[in-house]
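Undergrad: Need coordinates for the below:
(one chain, ligands or ions: 4)
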Amino acid sequence: MPVAFRTCPLCEATCGLALDVDEAAGTVTKVRGDAEDVFSHGFLCPKGVAIKELHDDPDRVRTPLIKQPDGSFAAASWDEAFAEIDRRLPAIMERGGRDAVAAYIGNPAAHSLAFLLYGKVLLKAIGTKNIFSASTVDQYPKQAASAMMFGSGTTIAIPDLDRTDFLLCLGANPLASNGSLMTAPDARGRLRAIRARGGRLVVVDPRRTRTAQEADDHLPIRPGTDALLLMALLHVVFAESLDSLGAADGMVDGLDQVRALAADFPPEAVAGPTGLDAEAIRRTARDFATAPSAVAYGRIGTTTQAFGTTTSWLIDVLNIVTGNLDTPGGAMFPKPSAGLTNTKGEPGRGRGARFGRWASRVRGLGEVFGELPVACLAEEIQTPGEGQVRALITVAGNPVLSTPNSERLAAALDELDFMVSVDIYVNETTRHADVILPSPSPLQKAHFDFVFQGFAVRNYTNYSPAVLPRPDDMPDEWETVLRLVGVATGQGPSPDVAAIDEFVVRAAIGKEVADAYSPWHGRDPEALLAELAPRVGTERLVDLMLRTGPYELTLAELEAQPHGIDLGPLAPRLPEVLRTPSGRIELAPEATVADVGRLHDALVAPPAELVLIGRRHLRSNNSWMHNLPMLVRGPEQCTLHVHPADAQRLGLTDGGRATIRSRVGAVDAPVEVTEEIRPGVVSLPHGWGHGLTGVGMEVAAAHAGTNSNVLTDEDVVEPLTGTAVLNGIPVAVTPVTAAAAPAEPVAAAG
Ligand SMILES: Nc1nc2c(c(=O)[nH]1)N[C@H]1C(S)=C(S)[C@@H](COP(=O)(O)OP(=O)(O)OC[C@H]3O[C@@H](n4cnc5c(=O)[nH]c(N)nc54)[C@H](O)[C@@H]3O)O[C@H]1N2
Ligand SMILES: Nc1nc2c(c(=O)[nH]1)N[C@H]1C(S)=C(S)[C@@H](COP(=O)(O)OP(=O)(O)OC[C@H]3O[C@@H](n4cnc5c(=O)[nH]c(N)nc54)[C@H](O)[C@@H]3O)O[C@H]1N2
Ligand code: SF4
Ligand SMILES: [Mo]
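TA: Ligands and ions are numbered 1, 2, ... in the order given. As a prediction, this is how the structure comes out:
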């Protein structure tokens, strides 16, 4: 049986898979880790194995679906589906203007060549400012802080995990998530190796996570107070003269400013609000600053919280002032083979980042990286007036489970005049669509994780052609995107996709030819186009990106290496990596410095009695892999974690049910009493709640769980990027008794 090697597209770890292919049956029979993969060395997790069930899932959408008058979906041909879209979408754009059409781009789009390479073309074709994505329920605070400090939102300093002597891990649980903004297959093995070589791992998390259980030290912080902790760490570093800029020396502006800001936050002052011991904070600061190498790393628990950008900023300030930026074992800048902005254009300086160039219509939330915060999507649909959103295109996203106050959003979607979803399931979101356009199975698509290669703990590259052929009538994902481009630009339901593609590639070639720093500078565009022939579509663009990338590789070279190409350990990149206007590292960006006022307030604010946070499980992937039997087997994953002291106080019992109320909603969930969460905090994972009518996922419906985003509040966003605050939600929890009325939201809970 032939074996195919390909990168797993399901999370950021980008593991190499080895698949036994049964060509006759059109499926794979066995999934293993690719032992020869240059980066993952055979590692894989249960989700990777489940790619077979995903491919075979009878509920996976395989033909376009059109909503019928009775609300059901009927299978349709591609021509019928596009005829329907062409009949309805351009009319809305004509009536309501371009902003009347909104788009929401979900997480798997970041792994999809089609959306990575042509998504911008589609958004430009629609011409709307109402662009939303999962990034404003995720990492934009980190990208914004990085952009302010280093000049671009993809210039993210990544832990040099395999060489560090000290990892300070805040609000991340890589043993469950396999790492994020830290592409690191086998995160567990790599974390264990730190300790095995005599290094230290310290975890800052309100929960004693699996990662915390493997750590030397666990600081069970009160949610939302990481920035106070970081200020106190900086305070100690400066007060005890443990600071040094190391490799960044001579390239940093604003050192005196952060030193002065940190002076106000001694460990004793933050101990109360963070719930941490002042001596433990001092010790951590000293250990971090005096370790041969050290790196602080923060993820979801530090970005989707009240101080997301400020916390992300302070994490890198700590790395920089302890001499750990751009040095082995510290925080380093990857150099991927293709696509990252900091490998393009003039090295060492750039335009920097500007935010808030426009604002959302209703609430006036500022633009960030060309998008508006998804927390305001519902109000943009529901508030009448010029620029009201009347149509929505979702691409690989499930905002009804993933974004705050999802019940309001679900209601808003019903008020739309038209909705199209490009997706592989009829789920909580796409059930609202008028037309669903399916993507091929992940095994029927080529894959190249060029975004996540840019955040990897080692430089490597890997391209995977499709493992299985697409069914005859199934277009590739990029062809569907370009067909939508055609509709949005008035070319009708059957545009010349090849011509649009050629237009796109010519524009890309034109940019390279004009760029004085490109290897293609000044070359003949026609000759370059011929060099890329006969490839078309995503393949052609990938080839172009590789050829003009920092290693000047070709796609053919990658195709010849199915286990990937190792490009070596992370190497110093200062100062060429910078894209700030000053050409320097901005240690004290205006916007984050201004936010320190809120941190002073937080020192004296009375903490909420009980707050809700999220969590992830190794066998779950956000909202969309719950229809795969091998992942939902076993104990129920969607439970409310409650500390025994809180359980006793609130009258909750292990295995009983609780009602959780916030300002915006109420849900019921089974209670799991556990010492693994700090008192005053309860945890419910997100991505569940599949028991809604119209959802076409039989297995998921039988493991429905509870949607935690019914509780998260769309009005509470992180001020610098508008990213939703999903952790630290004030809630009231009561036992469900047989006689209790159904859950209703209560204002008192806030
Ligand atoms: N409370 C709370 N909420 C959260 C989070 C949290 O920690 N707590 N985390 C947030 C984070 S980090 C994220 S990234 C978001 C995720 O938010 P979303 O991106 O909105 O949701 P996903 O669950 O990733 O849904 C992915 C969708 O893509 C579809 N899909 C999968 N593969 C493909 C494909 O190849 N092609 C197409 N076209 N569609 C595909 C799936 O069917 C599903 O509908 O959730 C956020 N929401
Ligand atoms: N198995 C699995 N893997 C995944 C995903 C998945 O859904 N399942 N999703 C993928 C995606 S889209 C992403 S973005 C990444 C996320 O990657 P991670 O951030 O590593 O994932 P989480 O497990 O959500 O870890 C967040 C941690 O933050 C803690 N936390 C909550 N609030 C706070 C706070 O205020 N302060 C601190 N210090 N900690 C806090 C939570 O208890 C939790 O342990 O994972 C990716 N990988
Ligand atoms: S860790 Fe992520 S990339 Fe690796 S097998 Fe699991 S889901 Fe796939
Ligand atoms: Mo995410």
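
Undergrad: rest of the way, CA atoms for contacts and neighbours
TA: Fine.

Undergrad: Show the pLDDT at the spatially most central residue of the chain.
TA: Per CA atoms, centre = their mean, the C-alpha nearest to the average position across the chain is that of residue 138, at 5.0 Å. We have a pLDDT of 98 for residue 138.

Undergrad: Could you pull up the residues touching the closest residue to it other than its chain neighbours?
TA: Spatially, and ignoring its direct neighbours in sequence, residue 138 is nearest to residue 304 (6.0 Å; CA to CA, 6 or more residues apart in numbering). Counting by CA atoms under 8 Å, 6 or more residues apart in numbering, residue 304 touches 137, 138, 139, 141, 718, 723, 724, 725, 726, 727.

Undergrad: Within reach of ligand 2, which of these are there?
TA: Among those, the ones lying near ligand 2 by CA under 6 Å from any ligand atom are 138, 727.

Undergrad: quick one on the thing from earlier: my read: the residue nearest to the centre of the chain touches residue 300, true?
TA: Yes: counting by CA atoms under 8 Å, residue 138 does reach residue 300; the two are 6.5 Å apart.

Undergrad: related to what we said a few turns ago, now that we have the contacts of residue 304, which one has the most neighbours?
TA: residue 141 (33 neighbours; other CA atoms under 10 Å).

Undergrad: how many other residues sit next to residue 328?
TA: Residue 328 has 23 neighbours, counted by other CA under 10 Å.

Undergrad: Residue 559 too?
TA: Other residues near residue 559 come to 14 when the count uses other CA under 10 Å.

Undergrad: so who does residue 626 touch?
TA: Contacts of residue 626 were listed using CA under 8 Å, 6+ apart, and they are 620, 632, 699, 700, 703.

Undergrad: Where does it fall, secondary structure wise?
TA: Using DSSP states H and E, residue 626 sits within no helix or strand.

Undergrad: do the same with residue 540
TA: Residue 540 belongs to helix 537-547 when elements are defined using DSSP H and E.

Undergrad: Now do that helix: which elements does it pack against?
TA: helix 113-126, helix 477-488, helix 497-514, helix 525-532, helix 555-559 (3 or more CA pairs under 8 Å, 6 or more residues apart in numbering; DSSP states H and E).

Undergrad: Tell me the helix or strand right after the first one.
TA: Spelled out, it's helix 113-126. Downstream of helix 113-126, the first helix or strand assigned by DSSP H and E is strand 131-133.

Undergrad: now for that next one, which elements pack on it?
TA: Under the contact criterion of 3+ CA pairs under 8 Å, 6+ apart, strand 131-133 touches strand 101-105.

Undergrad: Can you pull out the residues in contact with the helix holding residue 540?
TA: Contacts for helix 537-547 (CA under 8 Å, 6+ apart): 113-114, 117, 337-339, 478-479, 501, 505, 509, 532-533, 552-555.

Undergrad: Now narrow those residues to whatever sits close to ligand 1.
TA: Applying CA under 6 Å from any ligand atom, the subset of these adjacent to ligand 1 is empty.

Undergrad: of those residues, buried ones?
TA: 113-114, 117, 337-339, 478-479, 501, 505, 509, 532, 553-555 (16 or more other CA atoms under 10 Å).

Undergrad: Can you get me a residue count around residue 527?
TA: Applying other CA under 10 Å, I find that residue 527 has 10 neighbouring residues.

Undergrad: how near is it to residue 520?
TA: Taking CA to CA, to the nearest Å as the measure, residue 527 falls 11 Å from residue 520.

Undergrad: same question, residue 287
TA: 48 Å.

Undergrad: Comparing these two, which residue is more hemmed in?
TA: Between residue 287 and residue 520, residue 520 has the larger neighbour count (other CA under 10 Å), namely 20 against 14.

Undergrad: correct me, but that one touches residue 510?
TA: No: applying CA under 8 Å as the test, residue 520 and residue 510 come out as separate, 9.5 Å apart.

Undergrad: Quick check: residues of the protein near ligand 1?
TA: Within the chain, the residues that sit near ligand 1 (CA under 6 Å from any ligand atom) are 106-108, 134, 137-138, 395-399, 402-403, 422-425, 439, 442, 614, 622-624, 686, 708-709, 726.

Undergrad: Among the residues you listed, which lie within helices?
TA: Assignment to helices by DSSP state H places the following of the residues of the chain next to ligand 1 there: 399, 402.

Undergrad: For residue 447, give me the backbone phi and psi.
TA: Backbone torsions of residue 447, given as degrees, to the nearest 10, read phi -140, psi 140.

Undergrad: Brilliant, that's me finished.
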